[in-house]
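> Next comes the sequence, and after it the predicted model I'd like to discuss.
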Amino acid sequence: MAIADATPLRPRTSTLRQLARSSSVVIGGLLVAAMVAVAALAPWLGTRNPGEVNPSVRNKLPGFEATIRDDDGNKVPVSYRFGTDSLGRDIYSRVLYGARVSLIVGLTVSVISLAVGLLIGLIAGYVRWLDGIIMRFMDGLMAIPAILLAIGVVSIFRAGLFAVIVAIVVPEVPRVVRLVRSIVLSIREEPYVESAITVGTPTPLLIVRHVLPNTIAPLIVQGTFICAAAILIEAILSFLGIGIPPEIPTWGNIMAEGRTLFRVFPHNILYPGIFLAITVLGVNMLGDGLRDVLDPKMERRG
Amino acid sequence: MVGYILRRLLSAVPVMMIVAVLVFLMLRLTPADPAAIIAGDFANDQQIAEIRNRLGLDKPIIQQFAIWIGNMALGDFGESFFYKKQVAALIMERLEPTLSLSLLSIFLTVAIAVPLGTLAAYKQGSWVDRVVMGFSVIGFSVPVFVLGYILIYVLAVRLDWFPVQGYRYIRDGVGGWLLHLILPALTLSIVFVALIARMTRTSVLEVLHEDYIRTARAKGQSELKVLVRHALANAAVPILTVIGITFATLIGGVVVTESVYTLPGLGLLTVDAVLARDYPTIQAVILLFSLAYVLVNLAVDLAYTLFDPRIRY
């Protein structure tokens, strides 16, 4: 028992150590962790209700201080760290709450894309007569530029979080399918899998025992890149006004709102923009580092 | 060679057919009735039925698809629900800003990224290399629209070097056209400069240690000639491949950049079409951009022979 426990532990420790030594993993991980903390702790970081409209403090520059009446009629001093928008909403609170939407979209999209892509990829790799049909279909999906495909999907549904998630998942799935299928096809050639087939291991068991463990590392890496792409595409769709409804504070929505008065009040666009850039940078760096350690053979996709 | 080109062109047909099926199904999946959209809010059932009949929406779906794809092949993309005119004409009107922006961006990207990447490889490990590599990580992560607004704010609003937004048609003077395009094209190129400089660096690094580079130096050729004629020419194939793959990202970037700089191109048309639920226009634009993407990658494949005579078809 002790030996069985100790053997798989050794490579694992060395992988962890390798990850800790990689500067991309550490810096990227810290940036992502900071953003997760901001999103989770948003209510306790001195924020106000991000949807609260206050006509008396419209279009104020960052650092503006005002005394306003709260719900009980008491006068309270308020500092608008990042300024306010044209409806008098606090940009600081909106940006912090916006982190929640971005991270939820990034995480949900990568989990769904990986799950769906894994399933279809396994089918393509195992059900030979379906392989051709599935892969031609995926080629077709991949021939449509991702943002346009997302825009097309969004136009089918009513605008909302669900529509945006589906719209970003659809262009990402074919890439996961390709990856999983190629892993399945190469694993089947491995001597230990061939011998497992020879001794009559049933296919489901074969998949669970031999194929799935080999997909974990590449899928984690791919999932990180999908997460970065999803955060970016969500912001783009919302910014274009065809993503998440404008009343929900997201970075894209804050920026879309700030477009008209951008020349005079650039903070509406710059603050959410900086948060968005830092998040995408963090996730991308994490992905780069994870790939170098876990999956050195994989090429970064464009 | 001609045979190969024909084979490759034919191989693009099934992919485009699948794209067409997907785009066609998109319209069928919408909960909205196209006939009702066209008829407007005050139409009665009979008017809607007439429109449905005129558009052939009452025919079986396979027949509808056949008619639709036949019309597409003839360049008839149908009538826009919103603008009430032929989508083909609408696209022709909007083509110039989009083509200008894309071509200038590709030109800027290659003009900046290839020398930068080559220099980084040549001076591997130096501060030049580190600056280029650092820039390539950051450039890849800063979203196009954030970058666009930063550039507008600094270069147009503060320094007043460029116009803030808008577009001038080329027929109204090349100077104004270029002046209005530089900032959008620069915005769009930076992401690709990051990607392609990185690829160029890797690709040049690989060939710099080859024997023929040493031979070229040994026979006394200048360093510049060694880099351009011997290193870069041999490193061109992977660089070209990346340019082909990133073309899809470029198209996405065009949509966003046009929106930031209010350039009246196909990207802005697409966004307006989604807001207006103008499905024929959305379908046509998606088909057209996908076709462009497929064709560009085809052209990239064919261009390999120019740079690497060992590749024969």
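Everything's here; your move.
> so what's the closest residue to chain A within the stretch 151-300 of chain B up against?
Chain A sits closest to B:Gly252 of the stretch 151-300 of chain B, with a gap of 3.3 Å, by CB to the nearest CB. Using the backbone N, CA and C atoms, a C-beta is placed for each residue, glycine as well. Going by CB atoms under 8 Å, 6 or more residues apart in numbering or on different chains, B:Gly252 touches A:145-148, A:236.
> Report the buried members of the residues you listed.
A:145-148, A:236 (16 or more other CB atoms under 10 Å in any protein chain shown).
> What about residue 156, how many residues nearby?
Picked chain A for this. 20 (other CB atoms under 10 Å in any protein chain shown).
> To clarify, I was referring to chain B.
For B:Ala156, using other CB under 10 Å, the count is 17.
> Correct me if wrong: it contacts B:Pro163.
Yes. With contact defined as CB atoms under 8 Å, B:Ala156 counts as touching B:Pro163 (6.6 Å).
> For the chain, give me the ranges with low pLDDT.
Unless you meant another one, I'm taking chain A. By pLDDT under 70, the weakly predicted segments of chain A are A:1-13, A:57, A:70-71, A:73, A:295-302.
> not quite, I wanted chain B
In chain B (pLDDT under 70), the answer is B:31-32, B:311-313.
> Which single residue of it ends up nearest chain A?
Counting by CB to the nearest CB, chain B gets nearest chain A through B:Ile18, at 2.9 Å.
> name the element that residue belongs to?
Here B:Ile18, judged by DSSP states H and E, is contained in helix B:2-29.
> What residue in chain B is the furthest from its centre?
B:Gln46 (43.4 Å; CA atoms, centre = their mean).
> Could you pull up the residues touching that residue?
Counting by CB under 8 Å, 6+ apart, B:Gln46 makes contact with nothing.
> what does B:Tyr153 give?
A:262-263, A:266, A:270.
> could you measure it against B:Phe140, distance?
22 Å (CB to CB, to the nearest Å).
> what residues does stretch A:177-195 touch?
Contacts of stretch A:177-195 (CB under 8 Å, 6+ apart): A:117-118, A:120-122, A:124-126, A:131, A:134-135, A:138, A:206, A:210-211, A:214-215, A:218-219, A:222.
> Out of the residues you listed, which sit inside helices?
Judged by DSSP state H, the subset of these located in helices is A:117-118, A:120-122, A:124-126, A:131, A:134-135, A:138, A:206, A:214-215, A:218-219, A:222.
> Quick check: PyMOL command selecting the buried ones in these.
Burial among those is assessed by 16+ other CB under 10 Å; the matching PyMOL selection reads:
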select buried, chain A and resi 117+118+120+121+122+124+125+126+134+135+138+206+214+215+218+219+222
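> Can you tell me which helices and strands the helix or strand following the helix holding B:Ile18 packs against?
Downstream of helix B:2-29, the next assigned helix or strand under DSSP H and E is helix B:34-39. Counting contacts by 3 or more CB pairs under 8 Å, 6 or more residues apart in numbering or on different chains; DSSP states H and E, helix B:34-39 is packed against helix B:45-55.
> Are the helix or strand following the helix it packs on and chain A in contact anywhere?
Sequence-wise, the next helix or strand downstream of helix B:45-55 (DSSP H and E) is helix B:61-73. No. Judged by CB under 8 Å from any CB of the partner chain, helix B:61-73 makes no contact with chain A; its nearest approach is 14.0 Å.
> which outside residues touch helix B:61-73?
By CB under 8 Å, 6+ apart, the residues outside helix B:61-73 that reach it are B:20-21, B:24, B:28, B:56-57, B:59, B:77-78, B:287.
> Specify which member of the residues you listed is nearest to A:Tyr80.
B:Leu287 (47.0 Å; CB to CB).
> wait, that closest one sits on B:Ile18?
No. With contacts counted by CB under 8 Å, B:Leu287 stays clear of B:Ile18, the gap being 11.6 Å.
> now the closest residue to A:Ile236 other than its chain neighbours: how far from B:Thr249?
Among residues not flanking A:Ile236 along the chain, B:Val256 sits closest, at 5.6 Å (CB to CB, 6 or more residues apart in numbering or on different chains). Using CB to CB, B:Val256 is found at 11 Å from B:Thr249.
> rewinding a little: could I get the contacting residues of the residue of chain B closest to chain A?
By CB under 8 Å, 6+ apart, the neighbours of B:Ile18 are A:136-137, A:139-141, A:143.
> Can you give me the neighbour number for residue 172?
I went with chain A, as the question did not name one. Counted with other CB under 10 Å, A:Glu172 comes out at 28.
> that's the wrong chain, I meant chain B
The number of residues packed around B:Asp172, counting by other CB under 10 Å, is 9.
> Likewise for the one 3 residues further on?
Each residue near B:Gly175 was counted by other CB under 10 Å, and the total is 9.
> what about the residue in the stretch 1-150 of chain A that chain B sits nearest to, which helix or strand?
Nearest residue of the stretch 1-150 of chain A to chain B (CB to the nearest CB) works out as A:Gly140 at 2.9 Å. A:Gly140 is part of helix A:128-142 when elements are defined by DSSP H and E.
> how about that helix as CSV, C-alpha atoms only?
Only the C-alpha atoms of helix A:128-142 are listed here, as CSV (Å, rounded to 0.1, in the frame of the first residue of the first chain):
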residue,chain,number,x,y,z
ARG,A,128,-14.5,5.5,-37.4
TRP,A,129,-17.5,6.0,-39.7
LEU,A,130,-18.4,9.2,-37.8
ASP,A,131,-14.9,10.5,-37.9
GLY,A,132,-15.0,12.0,-41.4
ILE,A,133,-18.3,13.7,-40.9
ILE,A,134,-17.4,15.2,-37.6
MET,A,135,-14.0,16.4,-38.7
ARG,A,136,-15.4,18.0,-42.0
PHE,A,137,-18.0,19.7,-39.9
MET,A,138,-15.3,21.0,-37.5
ASP,A,139,-13.2,22.2,-40.5
GLY,A,140,-16.2,24.2,-41.6
LEU,A,141,-16.6,25.8,-38.1
MET,A,142,-12.9,26.6,-38.0
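> Many thanks, we can stop here.
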